[in-house]
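Trainee: What would the 3D arrangement of this be:
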Amino acid sequence: MKKLFPIFMFALLSIFVVSCDNNDDVVVQEPVATDIARMRDVTGTLTAANTYSINTGINILSSDVVLVYRNFNSNLPNTTPVWQLLPKTFYLSSGRILEFNFLFDPTNVEIYSEGNFDLATMSPAEAAEFKTNQTFRIVLIPADPAKNANKPDFNDYNAVVKYYGLTEPK
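Mentor: Numbers count the residues shown, from 1 in each chain. Prediction:
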């Protein structure tokens, strides 16, 4: 039995030596520009001349995602921005409904407003709040299957910024 003990120990140790190596199968890739979440601001006035829309060019893959937030207090000077995810519906007086929404494809984002009434009939105060100098933040998010498991709540602007490590546009 004493002669078998060293052979047994040698066999046990050789299993550990063979099974432990330093070769990782993990491949680390540097992100390409399209793999990085980006954001930028767009400001404009929604008028009948531009069909109550703002268009801006982008460059994303067809599998990527676009989020658009509206600065709720765009027209208030010296205030901290409050970002609302689009689409967003507002219920105005007399049963009027105003909605902000957007469409996108790999090369363009169109942000628009529409309502169940003629937007040209808005009062000056309503026009100042909903049409004049509106600021929108466009967030371009790459389709990353590794991040799909624990996506942030896209309604929470701060959670999206933190999750994707975004910085304020300049």
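
Trainee: C-terminal to the lowest-mean-pLDDT helix or strand in the chain, which secondary structure element comes first?
Mentor: Lowest by mean pLDDT, DSSP states H and E among the helices and strands of the chain is helix 4-19, with a mean of 62. On the C-terminal side of helix 4-19, the closest following helix or strand by DSSP states H and E is strand 38-44.

Trainee: For the nearest residue to residue 159 once chain neighbours are set aside, which three-state class applies?
Mentor: Leaving out its chain neighbours, the residue that sits closest to residue 159 by CB to CB, 6 or more residues apart in numbering is residue 152, at 4.1 Å. Placement of C-beta: from N, CA and C, glycine included. Classification of residue 152 by DSSP: H, G, I helix; E, B strand; the rest coil places it in coil.

Trainee: Ok, residue 160 next?
Mentor: Strictly by three-state DSSP, residue 160 counts as helix.

Trainee: So what's the residue count around the closest residue to it other than its chain neighbours?
Mentor: Leaving aside its chain neighbours, residue 160 sits nearest to residue 152 (5.2 Å; criterion: CB to CB, 6+ apart). Using other CB atoms under 10 Å, residue 152 has 16 neighbouring residues.

Trainee: Also residue 98?
Mentor: Neighbours of residue 98 (other CB under 10 Å): 21.

Trainee: right, and it touches residue 90 too?
Mentor: Yes: Residue 98 lies in contact with residue 90 (CB atoms under 8 Å); the separation is 4.6 Å.

Trainee: Next, show the common contact partners of these two.
Mentor: Taking CB atoms under 8 Å, 6 or more residues apart in numbering as the contact rule, residue 98 and residue 90 both touch residue 130.

Trainee: pLDDT below threshold where in the chain?
Mentor: Across the chain, the ranges flagged by pLDDT under 70 are 1-35, 74-76, 144-149, 170.

Trainee: at 50 what do you get?
Mentor: 24-34 (pLDDT under 50).

Trainee: List the residues that contact the residue nearest to residue 159.
Mentor: 159-160, 162-164.

Trainee: Same check on residue 66?
Mentor: Residue 66 neighbours (CB under 8 Å, 6+ apart): 58, 60, 102, 104, 109, 138-141.

Trainee: and those, which of them are in strands?
Mentor: Among the contacts of residue 66, the residues falling in strands (DSSP state E) are 102, 104, 109, 138-141.

Trainee: will you turn the residues you listed into TSV that also has neighbour count and distance to residue 130?
Mentor: What follows is the ones in strands among the contacts of residue 66, written out as TSV (neighbours: other CB atoms under 10 Å; distance: CB to CB, whole Å):
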residue	neighbour count	distance to residue 130
102	18	15
104	19	21
109	20	19
138	20	19
139	21	22
140	22	25
141	22	27
